[in-house]
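J.: kindly generate the corresponding structure for this input.
(4 chains)
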Amino acid sequence: MSRKIAEVALGVVTGIGGFLEVGSLATAVQGGAEFGFQLGWAVLLGSASLMVLMEASGRLAAVSDRTLIDQLRERFGIRFFLLPLVVGFVVSLLVLASEIGGVSLALQMATGVRFQLWALPIAFLAWLLLWRGTFSLVENGTAILGLVSVVFLVGAAALHPRWTSVGAGLIPSRATHEVARYWYLAISILGASISPYLYAFYSSGAIEDGWTTEDLGVNRITAVLGNLFGGGLALMTLVVAAMVFLPRHIHVDAYEQTALVLTPALSHPGFVFFLATLAITCFGTTLEIALAIAYMLAQGLGWPWSENMRPAADSRFSFTYTVVLLVAAIPIALGVNVLGLTNISMVLTAASLPVTVVPMVVLMNDRDVMGKSVNGFVGNVALVALAVMSCVILLAAIPLQLLGGS
Amino acid sequence: MAIPSRSRRGAPVPLIALAALAACGGGGAKQQVESLDSWRATIDLATEAQLRGWVTPRYAHQLRDKARTALADAAKSANSSDLSAAARDSVTDAARSLEAAVASLERVGP
Amino acid sequence: MTRTVRVDLLSGRVVRDTTGRRIGRIHDLIAEVAHPGSGEYVVRQIHLSTGGLVERLGGTHFARILAERFGVESNRLVVDWRDIDLSDPERPTLRRPLERQAAVSRARSSRAGAGRRGSG
Amino acid sequence: MKGVALIHDVLDAQLLDRTQQKMGRVDGLVLELRDGEPPRVAELLVGGSIAAERVGGWMTAIVRGCCRVLRIEPAVSRIPFDAVEAIGACVEVKVDARSTSAMRTERWLDEHFACRIPGGSGEERK
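T.: Presented below is the predicted three-dimensional model:
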């Protein structure tokens, strides 16, 4: 029994430490700075959707002993599978570059050395950890360090917001002004939390950790609690920005501005912990995405894969994450605008959801795959609603990017 | 200190490019003014933060440099694009108050 | 004269009878041991999906699974190997016009759970 | 094994070799047509160029282009169907993966990439 409690605790820590990253930080701060608490519902919807997708992909892996990517190839054939593979690869690569950009900026703000110079060293350090480390080191190490992001809860509490109006923001409402911008930020907040690499990584993790049908309970609790706390932190980020930036009419045009957000509440520690949160959570996510891309290719094409193996035993898998880290570091080393890249990656992530979510509706109802753990009525309502939402986002993403994009 | 205006003799090509850029990038005077006001508020907060020792001087300088690039962009689009006189004045006023904020930030810094 | 054909290129192909009428699409080919004890496998049955909606959805693998999953049972036609000419994977044809046989319930090949270790 | 649905159970399935090592997926399946006899399941095919044919002409062109650029022949591994030991969540074959061309890239990267970097090779687990 204690093993289960340890696993649940670890799962929750992963949820907290792993939720915030360059995208959710940027979109939550921009959302709070421009619309106060009003976009709280998007953060809530994002983490609720992630709960559904992670629980489903974890259950899929535990029951069928195959990851989500395996099933996408085996059930739908190579022709259809190319779509989620190519879309997932491109979008994850863009988000990976943004994450490396996030770490580089944090180090620039801390040391004064330009962020371009940090890109390759960060990619090298990430590669070294993947090359020598194991799956649990990557997952647990980054999650425990990621707990530093609790600083946003402390910051929000220190600002004494009216919690009733924060709660009111959790109810979806129409924009009073700049409608295109409002919905653009809503979609980027959703894109920041519901990322395909997350549930591809989570589903592969269930196999790496050797989950079986006994772990379904742990899977459910982890997916729900982890994302509840993680989403809560993103909401606190939005609250802090609403209390500090909105009254001063500060719009976030450059990522550097965000480092000020915690200083009125927590003074110097607020600045230091913000930089620590940005650097650590983005670095943890860098490791996760590099692995997730390698998982996608390896599982899709049937290569040997496991982070617990020596790189030589799965050389194509380890070669993939090596090349991907290098390629993603290049745009940052060339000085691409990190905030711009982050915003575009979040919108593209949101727009790419249908290619993985819609097939999941089929997989989770396929008795050949799930046996008796097939989706129940509630599970189906949630997943189908999510699939419909993802299609709506896909249609709205491009026009909103043009109209409301920064 | 007047906004550094670019002399007219540059080849037409860059001006056309800038106008096009300003047209789609700048998004009109209102957005320029909003962006400049936002930067002024940012620099004010940074000045206060540095006075109280919340942030390091190194970080404050980075914000100042970013504010300067925002100023330069505003100057470029204000000169080239065909703004109405009122719009141009509003952009110039916003830019001037941002410059004042940047100056006060520099006075604080070591 | 032995000829070969690629099963993966047959998947989803439209099957017509000798008069050129569309019968359905190749859903699966069922292989069985040639005779007990031998290691050789032969294809004795070819399953065609003939459901109206599945046809209109273009019969892609994806559409077929979605259709089956949500109660739009595409009725299945089982064709014996003697009645179908697979030599040209582009245009598999039935050797003789076929009266519509009773749709067999979906052949449940179980790959669920921990996977079935066949005796081989 | 009772009836095996070739497309549903075998095509695109994960291939495991004699030592349970992953060696690619079933990209293709070949039937031998015989007059007066039911078609015999001849062999499994593993290879990017095989999968590309199933996707479409444009994909075949891309794969052929890459092979020409890298100056290599597209590797197609043919595994006789009677080498198949079991068909379940994966397809297990009585073959040594390292000797087949399906693992050609894996072997090349093993020698020229993984083993050249400290910590790359060594015993199976980290």
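
J.: can you give me the helices for the stretch 151-300 of chain A?
T.: Remark: helices assigned in the stretch 151-300 of chain A by DSSP state H, counting those that start in this stretch are A:151-158, A:163-168, A:179-193, A:196-208, A:216-244, A:263-301.

J.: out of these, which comes closest to chain D?
T.: helix A:263-301 (6.6 Å; Cβ to the nearest Cβ). For every residue, glycine as well, the C-beta is placed using N, CA and C.

J.: mind checking how far B:D89 is from B:S80?
T.: To B:S80, B:D89 is 16 Å away according to Cβ to Cβ, to the nearest Å.

J.: looking at these two, which is more packed in?
T.: Comparing B:D89 with B:S80 by other Cβ atoms under 10 Å in any protein chain shown, the one with more neighbours is B:S80, at 20 against 13.

J.: look up how far chain A lies from that one.
T.: 20 Å (Cβ to the nearest Cβ, to the nearest Å).

J.: ok, D:C66 next?
T.: Distance, D:C66 to chain A, using Cβ to the nearest Cβ: 14 Å.

J.: need the contact list for that residue.
T.: Residues near D:C66 by Cβ atoms under 8 Å, 6 or more residues apart in numbering or on different chains: none.

J.: quick one: it from A:A397, how far?
T.: From D:C66 to A:A397 the distance is 31 Å (Cβ to Cβ).

J.: beyond the one helix or strand A:L53 maps to, next helix or strand please.
T.: In this assignment (DSSP states H and E), A:L53 forms part of helix A:40-64. Remark: after helix A:40-64, the chain's next helix or strand is helix A:68-111, criterion DSSP H and E.

J.: related to what we said a few turns ago, with mean pLDDT and mean neighbour count as extra columns, can I get the helices of the stretch 151-300 of chain A in TSV?
T.: Compiled in TSV, the helices of the stretch 151-300 of chain A are given as follows (pLDDT from 0 to 100; neighbours: other Cβ atoms under 10 Å in any protein chain shown):
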stretch	mean pLDDT	mean neighbour count
helix A:151-158	96	21
helix A:163-168	95	13
helix A:179-193	94	25
helix A:196-208	89	25
helix A:216-244	94	24
helix A:263-301	95	24
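
J.: could you provide these in a markdown table, with additional columns for distance to C:P36?
T.: Supplementary listing: the helices of the stretch 151-300 of chain A in a markdown table, determined by distance: least, Cβ to Cβ, whole Å:
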| stretch | distance to C:P36 |
| --- | --- |
| helix A:151-158 | 68 |
| helix A:163-168 | 70 |
| helix A:179-193 | 57 |
| helix A:196-208 | 37 |
| helix A:216-244 | 40 |
| helix A:263-301 | 37 |
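
J.: run through the chain and note the low-pLDDT ranges.
T.: No chain specified, so I'll use chain A. Within chain A, the stretches with pLDDT under 70 are A:406.

J.: meant chain D actually
T.: Judged by pLDDT under 70, the stretches of chain D that qualify are D:1-2, D:122-126.

J.: what about the helices in it?
T.: D:48-55, D:57-69, D:104-109 (DSSP state H).

J.: for these, which one ends up most surrounded?
T.: Highest mean neighbour count of these: helix D:48-55, a mean of 21 (counted as mean count of other Cβ atoms under 10 Å in any protein chain shown).

J.: residues contacting it, please?
T.: With Cβ under 8 Å, 6+ apart, helix D:48-55 has contacts from A:77-79, A:82, A:301, C:6, C:8-9, C:11, D:25, D:27-28, D:59-60, D:62-64, D:67, D:74-76.

J.: tabulate the CA atom coordinates of it in CSV.
T.: Written as CSV, here are the backbone C-alpha positions of helix D:48-55 (Å, rounded to 0.1, in the frame of the first residue of the first chain):
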residue,chain,number,x,y,z
GLY,D,48,10.7,2.6,-44.8
SER,D,49,10.4,2.3,-48.5
ILE,D,50,7.7,-0.4,-48.1
ALA,D,51,5.7,1.8,-45.7
ALA,D,52,6.1,4.7,-48.0
GLU,D,53,4.4,2.9,-50.9
ARG,D,54,1.4,2.4,-48.7
VAL,D,55,1.3,6.2,-48.0
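
J.: next, the angle from it to helix A:68-111.
T.: Orientation check (axes from the mean of the first three to the mean of the last three Cα atoms, to 10 degrees): helix D:48-55 against helix A:68-111 gives 110 degrees.

J.: hang on, A:V240 packs against A:G155?
T.: Yes. If you go by Cβ atoms under 8 Å, A:V240 and A:G155 touch, sitting 4.8 Å apart.

J.: what's near enough to touch the most centrally placed residue in chain B?
T.: With distances taken as Cα atoms, centre = their mean, B:L71 lies nearest the centre of chain B, 1.8 Å away. Residues counted as contacts of B:L71 (Cβ under 8 Å, 6+ apart) are B:3, B:36, B:39, B:95, B:98-99, B:102.
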